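[1] after the sequence you'll find the predicted model.
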Amino acid sequence: MPFCGAGSKGKAISIVETVIIEWLSLAIRWLHVIAGIAWIGSSFYFIHLDLSLRHRAYLPQGVQGDAWQVHGGGFYHIVKYLVAPSQMPDTLTWFKWEAYTTWLSGIALLVIVYYLAADLFLIDKSVRDISAGAAVAISVASVALGWLAYEGLCRSPLGRHDLTLALVGYGFLVLLTYAFTQVFSGRGAFMQIGALIGTIMVANVFVIIIPLQKKTVAALRAGREPDPTWGEQAKQRSIHNNYLTLPVVFLMISNHYPLVYATRFNWLIVAIVLAIGPVIRHFFNARHAGRASPWWTWGVAAAGMAAIAWLSAAGPRGTDTGALQAAPTLTQVEDIVLSRCSMCHMAEPVWAGLASPPKGIMLDTAERIHLHARLIDLSTVRSHAMPPGNVTEMTGEERALLAAWIASGSAR
Ligand code: HEC
């Protein structure tokens, strides 16, 4: 991920700085993905294990059930104690650093990719003309406040009604997504809602699940009876995390797909994904619990994906391509791309902070412009992903010209 936020301010950035930030971004992203795999992997594993536990006659009192598993050349016999065993073991394996590492590395990436280059990736002046400082402040504050609001919902009387809580929580996330798309660039809004959901999930581990488990262990060690509601509360948050996992992963990879984040109904696309994820999880949860597999869930998920594809084809907000009758001349097209795109998309970009053409895409000669017609269509006409944050101030008219060029067939 290139760092180019300072470019628009005309500040010179040394090549060393550019290369260091690029590699820091790569290293942290690597860590983030690995920590995320470890966290999601262990959480899916435990949800599956929990659902597959079976009562058996030979199990002692206070045991919820057991499960037999085979993996890596050995057999595992796992027994789950409700609350706790009568005698505490000397050593316990805790699962928390996967979650914390995912969050810490994710926040570091948010800062490097989005905050340091807010002009390009967080702000879109055609959405809202705010300063980089304001955008970062809104981003940080809304993650903190969003999490507090979720926490408040869970602790309110509503928290005792799982389904109502889920529906209200869903409405809350959709509303916030819509609000974010009115403040940030599409891409920034997607990352923002993803960061909020990720924060909620990690906070569930840090603020609720682990402290309650610690209290339980401490009570048992002191010979006191732990409060059984502690386990229920932790379980509720763990289920929330389970249902939020698939949407959050979608949001994290969505920034590579301009049609998804930089088109008119981007917020609706998020709303649909927030529903598809839980529906797919429901399939696996039912199956792992040994119930009849709810195959209908795949029908719903497929319909949702088709709806997303259809919505993403609706194009960006506010481009009027109908205004243009004649196909533009090739010189017009080249002039637009050369003046709005090529300062970044050339062998040695003149945009400060860019060491090489982003994604290896060069748009500095007539031939290359034609070669990349499909990508230009995708990023500039069918979506408003490029120029990022519209930093080079491409006009609606110019986009309409490019659209007419694509539509005329002379682009091929
Ligand atoms: C300020 C510099 C800048 C300008 C100006 C710019 N781009 Fe980009 N472009 C980037 C960066 C940075 C990326 C990589 C984004 C990322 O890493 O996700 C990129 C990525 C792309 C991609 C690849 C998208 C993908 O599939 O990942 C295309 C296509 C593209 N730009 C086209 C254009 C077009 C067309 C224009 C002019 C209308 C343009 N760009 C103007 C910086 C710029």
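    That came through fine. Residues are numbered from 1 along each chain as shown.

[2] how about the lengthiest helix in the chain and the ligand, any contact?
    Identified as the longest helix of the chain according to DSSP state H is helix 15-52. No - for helix 15-52, no contact with the ligand is found by Cβ under 6 Å from any ligand atom; the gap never falls below 9.9 Å. All C-beta atoms are positioned from the backbone trio N, CA, C, and that covers glycine.

[3] so what's His32 up against?
    102, 105-106, 108-109 (Cβ atoms under 8 Å, 6 or more residues apart in numbering).

[4] would you turn those into JSON lines with pLDDT and distance to Leu220?
    Shown next, in JSON lines, are the contacts of His32 (pLDDT from 0 to 100; distance: Cβ to Cβ, whole Å):
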{"residue": "Thr102", "pLDDT": "98", "distance to Leu220": "29"}
{"residue": "Ser105", "pLDDT": "98", "distance to Leu220": "34"}
{"residue": "Gly106", "pLDDT": "98", "distance to Leu220": "34"}
{"residue": "Ala108", "pLDDT": "97", "distance to Leu220": "37"}
{"residue": "Leu109", "pLDDT": "97", "distance to Leu220": "39"}
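
[5] of those residues, which belong to helices?
    The helices, defined by DSSP H, take in 102, 105-106, 108-109 from these.

[6] format those as JSON lines; extra columns: distance to the ligand.
    Shown next, in JSON lines, are those (distance: Cβ to the nearest ligand atom, whole Å):
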{"residue": "Thr102", "distance to the ligand": "21"}
{"residue": "Ser105", "distance to the ligand": "18"}
{"residue": "Gly106", "distance to the ligand": "17"}
{"residue": "Ala108", "distance to the ligand": "17"}
{"residue": "Leu109", "distance to the ligand": "12"}
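
[7] quick one: the residues you listed as JSON lines, columns for neighbour count too.
    Converted to JSON lines, the ones in helices among the contacts of His32 look like this (neighbours: other Cβ atoms under 10 Å):
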{"residue": "Thr102", "neighbour count": "24"}
{"residue": "Ser105", "neighbour count": "20"}
{"residue": "Gly106", "neighbour count": "24"}
{"residue": "Ala108", "neighbour count": "17"}
{"residue": "Leu109", "neighbour count": "21"}
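
[8] look at the residue in the stretch 101-250 of the chain that the ligand sits nearest to and give its secondary structure.
    For the stretch 101-250 of the chain, the nearest residue to the ligand under the criterion Cβ to the nearest ligand atom is Leu120, separated by 5.9 Å. Secondary structure, DSSP: H, G, I helix; E, B strand; the rest coil: Leu120 is helix.

[9] for the helix or strand encompassing Val260, name the packing helices and strands.
    Element membership of Val260, judged by DSSP states H and E, is helix 258-261. When contacts are defined as 3 or more Cβ pairs under 8 Å, 6 or more residues apart in numbering; DSSP states H and E, helix 258-261 packs onto helix 186-203, helix 296-312.

[10] so which bits of the stretch 301-412 of the chain are right by the ligand?
    337, 340-341, 343-345, 351, 358-359, 361, 363, 375-376, 379-380, 386-388, 391-392, 394.
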